[in-house]
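*Asks:* Structure of the sequence below:
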Amino acid sequence: MEGASVDMDPELARQLFFEGATLVFLGVPEGSEFGIDCNSWQVGPRFRGVKMVPPGVHFVHYSVKRKDGAASETGPRTGIFLHLEQKEIRLLHWNPQDELMVPAPEEEAEKLREQLTSLDPFLGPYPYESLRCWVSLSSHINKEVIGRLQPVCGNIYAFPEVLPTENMTHTEDRAKHNLPKYDSGCQSYKEGMSRLPLMKQKAGTEIRFSQLPAKLYPENATPAEVTKHSMDLSYALGCLLETNYPGQPLEVLAELQFSFVCFLLGNVYEGFEQWKGLLNLLCRSETFALQQPDLYSEVISILYHQLAQVPTDFFIDIVSQDNFLTSTLQVLFSFLCSPSADKSVRKKAMRFRAHLTKKFQWDFEEEPLDCAPIVVQLPEGWDNTA
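*Replies:* Numbers count the residues shown, from 1 in each chain. As a prediction, the model looks like this:
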């Protein structure tokens, strides 16, 4: 493993070697990319894993090096969230057929304990200088969160396998979708796209994110209530919390971190979409925010650490399309920096706003687009002339 940290006090290293957890990876193809938490390296011929891993939650990620004739390329990334105990040994074998790291039984892993000393030269030390960064990104994620959100298959894929919803091997199946009996070629791109079968992600590979509310207001809401709940999303956020985190609103922050790690370190675009959706709810729920100062103090801390991991121009293209991040944070600051907010949270929010203005050159003083007149889509059947 090239680039691993070796500058550590010998006595501390010896203590960590026996007290920390050990991850053993056997058979990883040379030249592949391997990482744990915020670190990644290229796998060398002697690589067998990572030692001195601090107990707790970790995210292991890898991209296998594939050879196609004389050329070679690195495949899409696969990640695994792990919760490690003190002195635990976790053994995974490389499965070349599926190109996956497959966990070995605990008994097999325990048999390696007597061989740890001989394995030492082949284990890279966990880079402790990056631990603070990882903890700041995963402080709310625990073993229970991993069990709830990680896919049933245990792996988080940057590009998960998809399957057609129907086989369409029979003529009648193709007829239902207005497809020709025989493939006569496509006359246009549009026709080609229309002939593609409907696809769905392979069962068990889906990240089990909370489903965001489709409706922002309650049933039978009046036009005034529809407008109110479309501007202040506290009702929608309350529905999300009641469905997924009853009585434990702080746990939504773990999902906010989990989705960001999936995106940042796992290269999972779905993670970004979930992070964006959760952030939108949290930042536009004024009534809820003013009632939960402790939760929003944590929201600020989480966003501070998350945005510290991206370059200053990271959101430029995204922001230029719909101005999502700046406008969303602008709404958040509009009530967290107001006199009605908790004093300590207001002070923290103002410092965070100043930090973002300096780092990203974002303007939070301009009137947000949310202040423009809102056209509310009334429920079907409403008489808007009444």
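*Asks:* What count of nearby residues applies to residue 242?
*Replies:* 11 (other Cβ atoms under 10 Å). Every C-beta, even on glycine, is put in place using the N, C-alpha and C of the backbone.
*Asks:* who touches the helix or strand hosting it?
*Replies:* Taking DSSP states H and E as the definition, residue 242 sits inside helix 234-244. Contact with helix 234-244 is made by 210-213, 215-218, 229, 249, 252, 255, 281-282, 285-289, as judged by Cβ atoms under 8 Å, 6 or more residues apart in numbering.
*Asks:* 7 Å instead?
*Replies:* The contact list for helix 234-244 (Cβ atoms under 7 Å, 6 or more residues apart in numbering) reads 210, 212-213, 216-218, 229, 249, 252, 281-282, 285-288.
*Asks:* So for that helix, what gets flagged as buried?
*Replies:* 234-241 (16 or more other Cβ atoms under 10 Å).
*Asks:* any idea which of those is the one closest to residue 26?
*Replies:* Nearest to residue 26, judged by Cβ to Cβ, of the buried residues of helix 234-244 is residue 240 at 41.9 Å.
*Asks:* What pLDDT does the model give the closest one?
*Replies:* Here the pLDDT value assigned to residue 240 is 97.
*Asks:* State the distance spanning the first to the last residue of stretch 24-39.
*Replies:* One end of stretch 24-39 sits 17 Å from the other (Cα to Cα, to the nearest Å).
*Asks:* Mind listing what's buried along it?
*Replies:* Buried, per 16+ other Cβ under 10 Å, within stretch 24-39: 24-25, 28, 32-39.
*Asks:* So which of those residues are in strands?
*Replies:* 24-25, 33-36, 39 (DSSP state E).
*Asks:* just to revisit the earlier point, so which of the contacts of helix 234-244 sit within helices?
*Replies:* 229, 252, 281-282, 286-288 (DSSP state H).
*Asks:* can you give me the strands for this protein?
*Replies:* According to DSSP E, the strands that the chain contains are 21-26, 33-36, 39-42, 49-53, 56-63, 65-68, 71-74, 78-84, 89-95, 100-103, 123-125, 156-157, 162-164, 199-201.
*Asks:* Can you list the strands that the second one pairs with?
*Replies:* In the sheet, strand 33-36 lines up against strand 39-42 (antiparallel), strand 56-63 (antiparallel) (DSSP bridges).
*Asks:* Adding distance to residue 339 and mean pLDDT, write the ones you listed out as CSV.
*Replies:* Below are the strands paired with strand 33-36 laid out as CSV (distance: least, Cβ to Cβ, whole Å; pLDDT from 0 to 100):
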stretch, distance to residue 339, mean pLDDT
strand 39-42, 44, 94
strand 56-63, 39, 96
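*Asks:* What sits closest to residue 279 if chain neighbours are left out?
*Replies:* residue 328 (6.3 Å; Cβ to Cβ, 6 or more residues apart in numbering).
*Asks:* thought that neighbour was touching residue 280?
*Replies:* Yes - using Cβ atoms under 7 Å, residue 328 makes contact with residue 280 at a distance of 5.8 Å.
*Asks:* re the thing from before, what subset of the ones in helices among the contacts of helix 234-244 is buried?
*Replies:* Among the ones in helices among the contacts of helix 234-244, those scoring as buried are 229, 252, 281-282, 286, 288 (criterion: 16+ other Cβ under 10 Å).
*Asks:* re the thing from before, let me know which of the strands of the chain is the nearest to residue 274.
*Replies:* Of all the strands of the chain, it is strand 156-157 that lies closest to residue 274, at 12.4 Å by Cβ to Cβ.
*Asks:* Report the contact partners of residue 52.
*Replies:* Residue 52 touches 16-17, 20, 125-126, counting by Cβ under 7 Å, 6+ apart.
*Asks:* before we move on, the earlier item: any chance of the buried residues of helix 234-244 in CSV, with distance to residue 345 too?
*Replies:* Shown next, in CSV, are those (distance: Cβ to Cβ, whole Å):
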residue, distance to residue 345
234, 16
235, 22
236, 21
237, 17
238, 19
239, 24
240, 21
241, 19
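*Asks:* with the residues you listed in mind, which one is nearest to residue 222?
*Replies:* residue 235 (13.4 Å).
*Asks:* Could you measure from that closest one over to residue 217?
*Replies:* 6 Å (Cβ to Cβ, to the nearest Å).
*Asks:* Much appreciated, bye for now.
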